[in-house]
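what follows is a predicted structure for the sequence shown.
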Number of protein chains: 2
Amino acid sequence: MLGNFTYSNPTKLYFGQNALDGLNEELPKYGKNVLLVYGGGSIKKNGIYDKVVKILKDNGKEIFEDAGVMPNPTTEKLKEGIERARKAKADLILAVGGGSVCDYAKAVSISANCDEDAWEKYFIRFEDVSCKIIPVGCILTMVGTGSEMNGGSVITNHEQKLKIGHVFGDNVFPKFSILNPEFTFTLPRYQMISGIYDIMSHILEQYFSGDDDNTSDYIMEGLLRSLIHSANIAVEDPTNYEARSNIMWIATWALNTLVAKGKSTDWMVHMLGQAVGAYTDATHGMTLSAVSIPYYRFIMPFGLKKFARYATNVWNIDPSGKTDEQTADEGLIAMQAWMKKIGLVMNISQFGVTPDMIDGITKSTFVMDGGYKILTSDDIKSVLKASL
Amino acid sequence: MLGNFTYSNPTKLYFGQNALDGLNEELPKYGKNVLLVYGGGSIKKNGIYDKVVKILKDNGKEIFEDAGVMPNPTTEKLKEGIERARKAKADLILAVGGGSVCDYAKAVSISANCDEDAWEKYFIRFEDVSCKIIPVGCILTMVGTGSEMNGGSVITNHEQKLKIGHVFGDNVFPKFSILNPEFTFTLPRYQMISGIYDIMSHILEQYFSGDDDNTSDYIMEGLLRSLIHSANIAVEDPTNYEARSNIMWIATWALNTLVAKGKSTDWMVHMLGQAVGAYTDATHGMTLSAVSIPYYRFIMPFGLKKFARYATNVWNIDPSGKTDEQTADEGLIAMQAWMKKIGLVMNISQFGVTPDMIDGITKSTFVMDGGYKILTSDDIKSVLKASL
């Protein structure tokens, strides 16, 4: 726990099969106008929409709708949402969906009372929030991004071929989030697995950085072991409540700022994955899985001790009589085999990426400086080619 | 993560060598009158008192003092503190010290605006807080109880020979806590080691309960591994910043409600230790260490699978070719050896407990029902006798 930091997380979580009851506790705290934000309409098929609308009406709320939030929310959609929030004079933005819907709700919440262009202000110039924020609540129906308990928001600009995430301060965190693991049961298998890898990548990208002795690394090893264990159960038995509830809880704690405290972090897999996503609109978690093994193979020599520790503490590789290199290598082999077994996408060519697109994706990749090696443009190309 | 629960933790933490600067951010949020609560005066020797008073004065605060909080705060002292808070018309109670000082500050904060007897209301009848609460901030100088980020408060009634803890809701949590690991450097070795075992016991008493598959158990294994690792460094080198900072951070997360979420918990070691403490006024963490091994040996057969998991995941006991009983047993042997090595008290006779006191201590022991076996009066006697 080196360095100075503050920790504060104002989001209240309601967890479990009765979590939606928490809405009755929260709604009286806010004004009459609620902007209900959701995606493609699956919540209408599985009945969650009706349940939420009933609770809103029972609490005397006026409902304004903003549907059609796409998996990678765009600048165009954001402009539409800002207009809708303004027209509704929204007192609360209630996001019902996965991380994208929650991310989008936060982007609207910090922009509706702002005159400036939200994309330019927040995602290009990375400015702090200077306008009045509309409170946000999230009802999760998909697990992975951790957006339900953090200030993160990722927006895609198709014209500029950029997918950019910004992590805002705790005034942008959802005021409350409702986490009922059963709401994730109807999610297609592909989405579930993608979410699982998104969680894993969040943990790994905070883990693979620094060589200090930090309690956060130990917590992350625990989260990883629990995630692998529960993922193995969930892929066989998607309605296993215990496994799905563990995965939901891990997702939240993987990215609500806790495990990054007092340590450096990497985030290059997200930078690579987001660049691939901006070019292909592929599912977020799958873009991460497709570049991970080539990336980790590339940086392993620069953080060998940590990769050997990872192999032993997470994948139970016995290090006795082996060099760090051998142990670390066996860890990555075990990880790769597990990723294939649960059905993750392992190559970016599966999203339609062709060799001629590598230069463009490389240019769209932001380079972070917290990992074991700062990637050059050639390094990025090399990792992307190995991911094809 | 079975069951329904809410999670909300409003305490803001300032961590690190510059953590005290956080006081300048917090003080403007509160009124002029600050009740400064501390213990025996060690903060005057090590200079922390002067630093805090200077910041209070720089922020234009009127300082009222309440010194002399003892390691196990008593009902008499609590009455005195309530009077002082009333006279000061305190807008903020600032606790500078260890968990006892912070616990005491919370007890005063919920009682000063209350007409009823605080001991009877909160510690005998376990009632919720119904009076206006004075905000509390904590500046930690000793690590262990986790009081800096929870609603717990333990008060001792010498007349009734009772030491009782109550865990209050998040309105009683400190509004902020200041955690500078360097403030703990001058603590005597005995107090440091006692605090380390208090932390360990907090984790173990939440870990050794239930046989469900819960992410919290994996997080706790990570915390335990980090704690053992850093404790080994700290006992050799008490001013090792990295080790002391990890220990400080683990203490906070061991008992700020997170790791108990979605699972049952035990707490019988605390009940036994507190009963011993009420009879002897021994140092809290040492009362826990002195009863732990006999207690765990006693309940091990009823939670064998978890004890075997503990041995493997925390103490690196290789389970191959062994029965769960053998593995679990080797885990407790490793734990006991480590406890002796770092210098913990292993027998209650060292506090002056004699065989004739066993009946009285047994009667003062509250029985909790979350562990692997609900203890009968004879069970308690048997554990206490084995602890002599």
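That came in fine, so what should we check first? Numbering: from 1, shown residues only, chains lettered A, B, ... in the order given.

show me which residues of the stretch 251-388 of chain A are close to chain B?
For the stretch 251-388 of chain A, the contact set with chain B under C-beta under 8 Å from any C-beta of the partner chain comprises A:253, A:261-262. (C-beta placed from N, C-alpha, C; glycine too.)

stretch A:98-113: which residues count as buried?
Residues of stretch A:98-113 classed as buried by neighbour count (16 or more other C-beta atoms under 10 Å in any protein chain shown): A:98-112.

host element of the closest residue to chain B within the stretch 201-350 of chain A?
Residue nearest to chain B within the stretch 201-350 of chain A: residue A:222 (3.4 Å; C-beta to the nearest C-beta). Per DSSP states H and E: residue A:222 is located in helix A:215-236.

what's that helix packed up against?
Secondary-structure packing of helix A:215-236 (3 or more C-beta pairs under 8 Å, 6 or more residues apart in numbering or on different chains; DSSP states H and E): helix A:189-207, helix A:241-254, helix A:304-315, helix A:324-342, helix B:215-236, helix B:241-254.

go with 6 Å
If you count contacts as 3 or more C-beta pairs under 6 Å, 6 or more residues apart in numbering or on different chains; DSSP states H and E, helix A:215-236 packs onto helix A:189-207, helix A:241-254, helix A:304-315, helix B:215-236, helix B:241-254.

look up how far residue A:327 lies from the residue lying farthest from the centre of chain A.
Most distant from the centre of chain A: residue A:321, at 38.4 Å, with distances by C-alpha atoms, centre = their mean. Plainly put, residue A:321 is 10 Å away from residue A:327 if you go by C-beta to C-beta, to the nearest Å.

same deal with residue A:60?
When distance is defined by C-beta to C-beta, residue A:60 is 61 Å away from residue A:327.

so between these two, which is more surrounded?
Taking neighbours as other C-beta atoms under 10 Å in any protein chain shown, residue A:60 and residue A:327 compare with residue A:327 leading, 22 against 9.

what sits against the more buried one?
Shown in contact with residue A:327 (C-beta atoms under 6 Å, 6 or more residues apart in numbering or on different chains): A:308, A:311, A:317, A:319.

go on, residue A:349?
Shown in contact with residue A:349 (C-beta under 6 Å, 6+ apart): residue A:388.

could I get the full set of helices for the stretch 1-150 of chain A?
A:22-26, A:42-45, A:48-58, A:75-88, A:99-109, A:118 (DSSP state H, counting those that start in this stretch).

list the buried residues for the longest one?
Residues A:75, A:77-78, A:81-82, A:84-85, A:88 are the ones in helix A:75-88 that count as buried (16+ other C-beta under 10 Å).

how does chain A divide up, domain by domain?
Chain A breaks down by automatic domain parsing into domains covering A:12-184, A:189-387.

could I get those domains in a markdown table, plus columns for distance to residue B:387 and mean pLDDT?
Formatted as a markdown table, those follow (distance: least, C-beta to C-beta, whole Å; pLDDT from 0 to 100):
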| stretch | distance to residue B:387 | mean pLDDT |
| --- | --- | --- |
| domain A:12-184 | 38 | 95 |
| domain A:189-387 | 30 | 96 |
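
as TSV, these with distance to residue B:52 would be great.
Formatted as TSV, these follow (distance: least, C-beta to C-beta, whole Å):
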stretch	distance to residue B:52
domain A:12-184	26
domain A:189-387	24
